[in-house]
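Visitor: build the 3D model from these lines:
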Amino acid sequence: MLPQTNPLPPPIDAPEPAPTRLISLDALRGFTIAAMLLVNFPGDGDHVYHPLQHTKWNGLSFTDLIAPFFLFIIGVSIVFAYSKRLESGAPKGDLYRKIVWRSVKIFVVGMVLNLLPTFDFANIRWTGTLHRIAFVFLICSVIYLNTNWKQQAWIGALTLVVYWLALTQIPTPGVGKVMLEPGVNLVAWFDSLYLPGRMWQGTWDPESILSTFPSAVSGVTGMLAGRLMISNRTRLEKVAYLMTIGLFTAVAGYLWNLTFPSNENLWTSSFVLITSGFAALLFGAVYFLVDILGKTGGIQPGIIFGANAIAVYVLGDLLSIVFYYLKFGEHSLNEHGVNVITSLGFDSRFASMMYALFFVGINFIPAYFLYRKKIFIKL
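Guide: Presented below is the predicted three-dimensional model:
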């Protein structure tokens, strides 16, 4: 009898059936959440390396990439979640109910996190990261259930153009001219009329009402990438399309940025194209290395974080009460930690970053426990 051999993997240039799951996507989701924790919880907010800070206004830092990358990943995930159900003829009414209910849950959890740790209802903020995720998921899911990929591309493009025209052609009421500066632009004016509660920056909020629409386009670009990934194109073709389209999208965004600056706070159209282009490039590279070449070394932490991504994000805010707010003696734990590291002769910014990495590691412990127990918390 001939010895049994392991079957050879299919050639990378052969057409493949639509995948049901991508390891690369799971890992990217997890590492993105880990990056959120890293930048959201520095050991000392007054001493942070520039790449780990949001750009104050126009520009782009590493931190500015995190939120649009996550929205891009949400878009890809929507395709994998609903494509089979649509093909099987699942009633859209059932899908709508699940989509709306999940969006409501994410929004409510975001509101609870906004109230922590003091539960000051008088100064409640009605916007935030989870709120934006909830709205983008809702908008993109409804779009996906009712359109094809060409229509999605047109919706995304028209939204970016209309948003650009609105912000650059309509004078800010009360000012009398077009303004793109903090607190005096059309977006801030609209929020001053219709956004309830406290704004993050007093007179304006980075998760504003109008900027929700271009942020949804970040999700739409992910849906277009997801549509490519479930197609029957060869794996090499998928990589080639992701990398090529990602490059051209990022370049187009950079050129648009010359007249309509890249700005995360306004979520400008150029910002959408640049970040979506970068997300497609990164997705293509990781997909090639992980899902095609099988280079999975070092990605397990991302997969573990990604298995309960939003739950880990929520857990980070809950654990921050202990690690950042409670006083142990005269200082909180983060202050003690930073003081210990700086006492060893390290720079304050380095100490701040190291404590942030320590906090990411603390969050990894329950994430690992959930993963090992096969507990997946889906909001």
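Visitor: name the helix or strand for residue 251, please.
Guide: Secondary-structure assignment from DSSP states H and E places residue 251 in helix 235-257.
Visitor: ugh, typo on my part, it should be residue 138
Guide: Per DSSP H and E: helix 129-146 holds residue 138.
Visitor: show me which residues of that helix are buried.
Guide: 129-145 (16 or more other CB atoms under 10 Å). Where you see a C-beta, it was placed from the backbone N, CA and C, and this is true even at glycine.
Visitor: off-centre distance for the helix holding residue 251?
Guide: Centre-to-centre, helix 235-257 and its host chain are 19 Å apart (CA atoms, centre = their mean, to the nearest Å).
Visitor: among the helices and strands of the chain, which has the poorest mean pLDDT?
Guide: strand 327-328 (a mean of 88; mean pLDDT, DSSP states H and E).
Visitor: next secondary structure after it?
Guide: Past strand 327-328, the next helix or strand by DSSP H and E is strand 331-332.
Visitor: what bits of the stretch 151-300 of the chain have low per-residue confidence?
Guide: For the stretch 151-300 of the chain, no stretch is flagged by pLDDT under 70.
Visitor: can you pull the pLDDT of the residue sitting nearest the centre point of the chain?
Guide: Taking CA atoms, centre = their mean, the centroid of the chain lies closest to residue 70, which sits 2.0 Å from it. In this model, residue 70 is scored at 97, pLDDT.
Visitor: what helix or strand is it on?
Guide: helix 62-87.
Visitor: give me the buried positions along the helix or strand that that helix is followed by.
Guide: Per DSSP H and E, helix 62-87 leads on to helix 92-115 as the next helix or strand towards the C-terminus. For helix 92-115, a neighbour-count test (16+ other CB under 10 Å) marks 95, 99, 102, 103, 106, 107, 109, 110, 111, 113, 114 as buried.
Visitor: now, among those, which is nearest to residue 75?
Guide: Distance to residue 75 across the buried residues of helix 92-115 (CB to CB) is lowest for residue 99, with 13.8 Å.
Visitor: and stretch 50-60, average pLDDT?
Guide: The average pLDDT within stretch 50-60 is 95.
Visitor: who touches it?
Guide: 38-39, 42, 61-64, 181-182, 261-265, 271, 274-275, 353, 356 (CB atoms under 8 Å, 6 or more residues apart in numbering).
Visitor: now with 6 Å, please.
Guide: Stretch 50-60 has contacts (CB atoms under 6 Å, 6 or more residues apart in numbering) with 39, 61, 62, 63, 64, 261, 262, 263.
Visitor: fine by me, we can end here.
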